[in-house]
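# Quick one: sequence plus predicted model below, questions after.
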Amino acid sequence: MPVWERDRHGAPGEIVCERPTGPRVAPAFNRGSLVPGARPRILVVVADRAVAFIAEHGIAPTLFLAARSLAGTLLAWHLVFATLMMMGVGGETPPTVTPSTYTGPGDVVSGAKAWWGLRAYSAATAGNKIANVCTTIATVDTCVDMFSSATTGNMVILTIGGLTCDNSVVLCNIKTLYDQSGTSCAGSTACDITQATAAKRAALTISCLGGLPCMTFVAASQQEMARVSGSGTLSLSQPITLSTVATATSFPTATGSVFVQDNGSVRGTYFRFSNTPGIELNAGSAFTASAAASTIHAVQAVSNNASSVLYVDGSQSTGTDGTGVLNSGDSMQVGNDQFNDFLQGKIFELGIWSSGFSTPNQSSMNSNQHAYWGF
């Protein structure tokens, strides 16, 4: 048996701690039991530390004595030590872990009227669904909703029927792009765009850029996504801003459209790549800016008649694009226009705002897009 000695910190008449002297031998560990004779070594260590700490700091051991009388085991020492830690006395404070903060286009400039893309629109929408993705399994078009990560904003690639999209054996396509803006096209209806025919859907390309995905459109297959007239589309007057990250890899026709909304006879607004090479914004009059072909571009296009702007990768051009507006009920197309100028290229994100981005807005959005997509 150990010999007990009175703690040196006790004054006459006080209740003080006693602690054993001499060697201590930890009892064998009896898994699943905490009765005397079956105490894990961790409790012995904890108890020793608690005794030493109380003796060193002269703390009245009232809590220790109460717990000891109730338990009659070294769990009393464990209770004291744990309580002291909770009180912030002794021990080490664990480091504070700050989660990463995602910043999306909606955090840079809020209030988009429609926004589609293969990342989260904003920190607030991170974790929401972004696209309905499909593949063919035994001749059946099989689809699942895919979401963005709640922490990184990245698109989370889920399996479809146990299969993983890989660009080669398991080919996947985008059936629906969900409008993440939180506003609506008409009434309470979101501006989701879709393609019912599998062969006419853009491919979901995995690791398209720096490990991140994109939508790849093939002009020869007449691939596009649309919101047809009658289903409710945007009603906007100038100024209007279209923001996108996209590229045209070749030109089967003179142009390849990224976005258009019109009724086929009265032109609204469209934005497309041209083989000059360049980028064209047109609301009744063509306004173009230089842009290299087969290169990914971040573009902020402000449609505002004589005060229109094309801000391409940090370079700003001004011009006139006409007076066209977006009329509710007109067809909305992504990857094509009313002239069947199908896009041969890639789209990463696309959004529409009912305001003209200021130059600082244009610069900030450009920086966000380049930083996120890594180009």
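Yes, it's here.
# pLDDT (mean, whole number) over the helix or strand in which Val144 is found?
Using DSSP states H and E, Val144 maps to strand 140-147. What strand 140-147 shows for mean pLDDT is 98.
# Contact partners for Val109?
243, 353, 357, 361, 364-365 (Cβ atoms under 8 Å, 6 or more residues apart in numbering). To be clear about C-beta, it is placed using only N, CA and C from the backbone, and glycine gets the same treatment.
# Taking those together, which two end up most distant?
Pairwise distances across those (Cβ to Cβ) peak at 13.1 Å, for the pair Trp353 and Ser364.
# Between those two, tell me which one has more neighbours.
Trp353 (26 against 18; other Cβ atoms under 10 Å).
# Spit out the contact partners of the more buried one.
If a contact means Cβ under 8 Å, 6+ apart, then Trp353 has 109, 111-113, 240-241, 243 as its contacts.
# out of the residues you listed, who's nearest Ser188?
When the contacts of Trp353 are compared against Ser188 (criterion: Cβ to Cβ), the nearest one is Lys113, at 14.2 Å.
# check which helix or strand covers that closest one.
Per DSSP H and E: strand 112-117 holds Lys113.
# What average pLDDT does that strand get?
Confidence for strand 112-117, expressed as mean pLDDT, is 97.
# Provide the contact partners of that strand at residue level.
Under the contact criterion Cβ under 8 Å, 6+ apart, strand 112-117 has outside partners 105-106, 121, 130, 177-181, 183, 185, 191, 193, 234, 236, 245, 334, 348-354.
# again, 6 Å this time
Applying Cβ atoms under 6 Å, 6 or more residues apart in numbering, the contact partners of strand 112-117 are 121, 177, 179-181, 183, 191, 234, 349-354.
# Remind me what whatever helix or strand Ile206 lives in packs against, helices and strands.
Element membership for Ile206 (DSSP H and E) is strand 203-209. Packed against strand 203-209 by the contact rule (3 or more Cβ pairs under 6 Å, 6 or more residues apart in numbering; DSSP states H and E) you find strand 212-217.
# pLDDT score assigned to the residue sitting nearest the centre point of the chain?
In the chain, the C-alpha nearest the mean C-alpha coordinate belongs to Gly153, at 0.8 Å (Cα atoms, centre = their mean). We have a pLDDT of 98 for Gly153.
# So it is in contact with Tyr102, correct?
Yes. Applying Cβ atoms under 6 Å as the test, Gly153 and Tyr102 come out as touching, 3.9 Å apart.
# shared neighbours, these two?
Counting by Cβ under 6 Å, 6+ apart, the residues touching both Gly153 and Tyr102 are Ala126.
# for the residue nearest to the centre of the chain, what are its contacts?
Counting by Cβ under 6 Å, 6+ apart, Gly153 makes contact with 102, 104, 119-120, 126.
# any idea how far it is from Glu280?
30 Å (Cβ to Cβ, to the nearest Å).
# just to revisit the earlier point, which of the contacts of Gly153 fall within helices?
Using DSSP state H, no member of the contacts of Gly153 sits in helices.
# Tell me the most packed of the residues you listed, by neighbour count.
Going by other Cβ under 10 Å, Ala120 tops those with 28 neighbours.
# so is the closest residue to Ala114 other than its chain neighbours in a helix, a strand, or just coil?
Closest residue to Ala114 apart from its sequence neighbours, by Cβ to Cβ, 6 or more residues apart in numbering: Cys191 at 3.9 Å. Following DSSP: H, G, I helix; E, B strand; the rest coil, we place Cys191 in the coil state.
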